[in-house]
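Peer 1: I need the structure of the sequence given here:
(one chain, ligands or ions: 1)
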Amino acid sequence: MMVPQWIIEKKRDGREIPEAELREFMNTYASGSLPDYQMAAFAMAVFFRGMTFNEVTVITDVMMRSGDVLDLSGLSRPTVDKHSTGGIGDKISIPLAPLVAASGAAVPMISGRGLGITGGTLDKLESILGYNTQLSTKKFLQVLEKVGCSIIGQTSRLAPADKKLYALRDVTGTVQSIPLIASSIMSKKLAEGARGLVLDVKFGAGAFMKEVGRARELAETMIQIGRNMGRDMVALLTDMNQPLGAAIGNSLEIAESIDVLKGTGPVDVTELTVALGAEMLVIAGVCENAEEGAAKIRGNIESGAALEVFAKMINAHGGDPRVVDNPERLGSSPICVEVLAGDDGFVSHVDADAIGRVVLLLGGGRRLSTDTIDHLVGIDGLIKAGAKVTQGEPLMRIHARSKNDVDAVLNQARKAVVIADVRPKKSPLILAKIGGKNGSKA
Ligand code: URA
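Peer 2: Numbers count the residues shown, from 1 in each chain. Next up, the predicted model:
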């Protein structure tokens, strides 16, 4: 018989928990029979002692199986998905899914809403009039077969044990534990049923993991879990010290995603979309290597094929597909104000965290989970680190509901762009690649 306190004690003392005991402990929690106080004590022991790859795979497996696990085996194309640990201005999923679908794989994406100051793919997509993020499983599979990609929201039946544990960790100081984060993310991603997964693990001031060493450890843990469960896995470690792209805010990020699909998007968003897409095509077995994958993705930007897939996906979700040709159909906020440089010099840093806070304060994010968001507000035309500026030149544009809303954030927005006398050293957007198909090292 499993005695919960003995399992907690084993972890507290740094011993490995045998698989059968850990599985029973987690199953008891998932079924509602283990009290929160015992799980909270266990989570704190994991926080201090960590977990072996076997242990973290067991808890992921139990959380994944606590709800529905999709069966995608009936689809005619190979399936692959991407997960990002999140960042300011990260709209990559939106151009990426149609690009990979246009290149021959199927992309089943279950996405989230904004969390804190980071935006959510679902909120962004809902700025397209009529786009329905809540499809039935049957319809999701139909869209995947017909269009090649579908982006929907989580249902309460996706890894419910993770939902419960995440809420408990949130109030017991145990969120920042790599095995708990990795198992939480992977339980949901693996429940989607895709055969392969590409991870965009971010580090830096605007990321969940501030230090690159921690981001690498998180990536390695998630790769190991995925492989232990028979999936092909690869991760890119990417810089999130400054926002991605020039637009932050829901409809503004859809407009920027459309630009990427038309070949006129910002360099950084395009570079990362192509790199992740290339890895997805390799993982899916559509391309031999990342160079071939990148060429295919670029080809589907140039030909307009991916833009067409995006319009089809929007249409299949009940949205207005005309936005791809006329992004002004997304609408605009009543006020648009330029923020001007106070000095001459070079942009040494754009504070992703501060920009995220400004957009949230404008109404583009939620202060409370029950808040409704304003899809039209945000920032675009944001200058990038390394750019030369002269006094009076625009650093960004603020889109707001009212003049008062602009006044409330103007100072913070201006201070988010740091101007110095010397040009900063350029840091790469993609720092490293970890993992690869069939366990190959990149
Ligand atoms: N996102 C998740 O889904 N889970 C975590 O634990 C952290 C971030």
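Peer 1: Can you find the residue of the chain that comes nearest to the ligand?
Peer 2: Here the residue of the chain nearest the ligand is residue 184; by C-beta to the nearest ligand atom that distance is 3.4 Å. Glycine gets a C-beta too; all of them are placed from N, C-alpha and C.
Peer 1: For that residue, give its distance to residue 246.
Peer 2: Residue 184 is 31 Å from residue 246, where distance means C-beta to C-beta, to the nearest Å.
Peer 1: And residue 205, by the same measure?
Peer 2: 18 Å.
Peer 1: Contacts only, for the residue of the chain closest to the ligand.
Peer 2: By C-beta atoms under 8 Å, 6 or more residues apart in numbering, the contact set of residue 184 is 63, 162, 165, 166.
Peer 1: Among those, which are located in helices?
Peer 2: 63, 162, 165, 166 (DSSP state H).
Peer 1: now the helices: where do they sit in the stretch 301-442 of the chain?
Peer 2: Applying DSSP state H, counting those that start in this stretch to the stretch 301-442 of the chain gives helices spanning 305-316, 352-359, 403-416.
Peer 1: would you list these in JSON lines and tack on mean pLDDT, mean neighbour count and distance to the ligand?
Peer 2: Below are these laid out as JSON lines (pLDDT from 0 to 100; neighbours: other C-beta atoms under 10 Å; distance: least, C-beta to the nearest ligand atom, whole Å):
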{"stretch": "helix 305-316", "mean pLDDT": "98", "mean neighbour count": "22", "distance to the ligand": "24"}
{"stretch": "helix 352-359", "mean pLDDT": "95", "mean neighbour count": "25", "distance to the ligand": "16"}
{"stretch": "helix 403-416", "mean pLDDT": "97", "mean neighbour count": "16", "distance to the ligand": "24"}
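Peer 1: if we can go back for a sec, what backbone torsions are found at the residue of the chain closest to the ligand?
Peer 2: phi -60, psi -50 (degrees, to the nearest 10).
Peer 1: Which of residue 205 and residue 246 has more residues huddled nearby?
Peer 2: Using other C-beta atoms under 10 Å as the criterion, residue 205 and residue 246 rank with residue 246 on top: 22 against 17.
Peer 1: Need the worst-confidence member of the ones in helices among the contacts of residue 184.
Peer 2: Lowest-confidence member of those: residue 166, scoring 92 (pLDDT).
Peer 1: nearest spatial neighbour of that one, skipping sequence neighbours?
Peer 2: residue 184 (5.7 Å; C-beta to C-beta, 6 or more residues apart in numbering).
Peer 1: Could I get the pLDDT score of that neighbour?
Peer 2: 96.
Peer 1: now residue 205
Peer 2: 87.
Peer 1: Wait, it touches residue 240, no?
Peer 2: Yes. With contacts counted by C-beta atoms under 8 Å, residue 205 reaches residue 240, the gap being 7.3 Å.
Peer 1: joint contacts of these two?
Peer 2: Between them, residue 205 and residue 240 share the contacting residues residue 352, judged by C-beta under 8 Å, 6+ apart.
Peer 1: now the residue nearest the centre of the chain, nearest residue through space, not along the chain?
Peer 2: Geometric centre of the chain, nearest residue: residue 84, 3.2 Å, by C-alpha atoms, centre = their mean. Nearest non-adjacent residue to residue 84, counting by C-beta to C-beta, 6+ apart: residue 200, 4.0 Å away.
Peer 1: now swap in residue 117 and tell me
Peer 2: In space, residue 117 is closest to residue 356, 3.3 Å off (C-beta to C-beta, 6+ apart).
Peer 1: Same check on residue 251?
Peer 2: Nearest one to residue 251, counting by C-beta to C-beta, 6+ apart, is residue 127 at 3.8 Å.
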